[in-house]
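> attaching a predicted model along with its sequence, questions to come.
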Amino acid sequence: MNSTPRIRVGEYIGYIATPDSKLRDRARLLRDIRPYNPGSDHWFRVRTAVGKDRRTTRDGQAVHAAALNAPSRREANFRRVAETWDTIVKRWRRHELVAVDPVTINIGGTDVAVRPTFAEQDSSGNREVVIVRFSVTAPLDVDKANKILRLAQRAYPGDTIVLADLPSGDKAYTAGPARDLSRYDEALERDGLHIASILATADGAA
């Protein structure tokens with residue numbers, strides 16, 4: 001039986017997005033990890049709409065429709081995301097949707113499953129692997145964004161990585177194959193070690 005701790009990239013993003021002043025929240029986030037359940041995913045409607053948008057009209061209308069049909073308590077958040085998405089999608093006007101397989105990367109003894117939101121390819125064959133952060137909390141700072149880019153860069157070394165941090169508005173962080181982000185490897189290893197220690201404590205308490 002594989003005893004290596006395992007999390008999804010979205011959970012890693014949640015971990016690093018939690019301020020250092022809220023270490024208990026960060027630990028609770030990891031200890032509460034469960035198999036993905038669409039019914040408990042606040043962003044499920046929008047996440048699904050983004051996939052539909054990329055496969056069909058590619059103009060953001062599916063995301064706006066999700067916002068219009070959202071429960072009242074989520075409508076404002078979804079509408080804000082839809083408006084941001086209108087600008088972000090312009091990046092891929094001349095691209096086409098292509099397949100991308102999930103890849104698992106080990107950092108500090110923790111396996112992180114990197115499953116991109118989607119991937120787009122231009123006419124020259126250059127692929128952009130896209131991770132979308134669905135949230136209305138504080139935007140990621142540059143160092144946190146770069147750690148995510150580096151993690152995905154290690155998973156997809158021949159591709160351009162795009163991180164669309166929706167709380168940052170229409171700003172997208174990018175890293176092409178030639179961009180050297182290896183200076184973040186040590187920080188990733190520390191994060192992995194810390195995550196593994198939290199999950200080991202959780203297992204011991206179970």
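Sure, I can see it. Numbers count the residues shown, from 1 in each chain.
> so where's the longest helix in this structure?
Across the chain, the longest stretch assigned as helix under DSSP state H is helix 185-205.
> quick one: residues in contact with that one.
5, 7, 12, 15-16, 26-27, 30-31, 106-110, 112, 143, 147, 150-151 (C-beta atoms under 8 Å, 6 or more residues apart in numbering). (Glycine included, C-beta is placed from N, CA and C.)
> could you do stretch 15-28 as well?
Under C-beta under 8 Å, 6+ apart, the answer for stretch 15-28 is 7, 29-30, 133, 135, 137-138, 140, 144, 147-148, 191, 195, 198.
> turn those residues into a markdown table, including pLDDT.
Compiled in a markdown table, these are given as follows (pLDDT from 0 to 100):
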| residue | pLDDT |
| --- | --- |
| Ile7 | 93 |
| Leu29 | 72 |
| Leu30 | 78 |
| Arg133 | 94 |
| Ser135 | 85 |
| Thr137 | 83 |
| Ala138 | 87 |
| Leu140 | 94 |
| Lys144 | 96 |
| Lys147 | 98 |
| Ile148 | 98 |
| Asp191 | 94 |
| Ile195 | 91 |
| Ile198 | 87 |
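> which of those residues lies closest to His95?
Checking those against His95 by C-beta to C-beta gives Arg133 as the nearest, at 20.2 Å.
> partners of the closest one in the sheet?
On the basis of DSSP bridges, Arg133 is bridged to Asp165.
> gap between it and Asp170?
Distance of Arg133 to Asp170, given as C-beta to C-beta, to the nearest Å: 13 Å.
> that older thread, just the buried residues of the contacts of helix 185-205.
Neighbour counting with 16 or more other C-beta atoms under 10 Å marks 5, 7, 12, 15-16, 26-27, 30, 107-108, 110, 112, 147, 150-151 as buried within these.
> on that earlier part again, of the contacts of stretch 15-28, buried ones?
Counted by 16+ other C-beta under 10 Å, the contacts of stretch 15-28 give Ile7, Leu29, Leu30, Arg133, Ser135, Leu140, Lys144, Lys147, Ile148, Asp191, Ile195, Ile198 as buried.
> which one of those is nearest to Glu75?
Closest approach to Glu75 among the buried ones among the contacts of stretch 15-28 (C-beta to C-beta): Ser135, at 16.4 Å.
> so for the closest one, what's the nearest residue that isn't a sequence neighbour?
Spatial nearest neighbour of Ser135, chain neighbours left out: Pro167 (5.4 Å); criterion: C-beta to C-beta, 6 or more residues apart in numbering.
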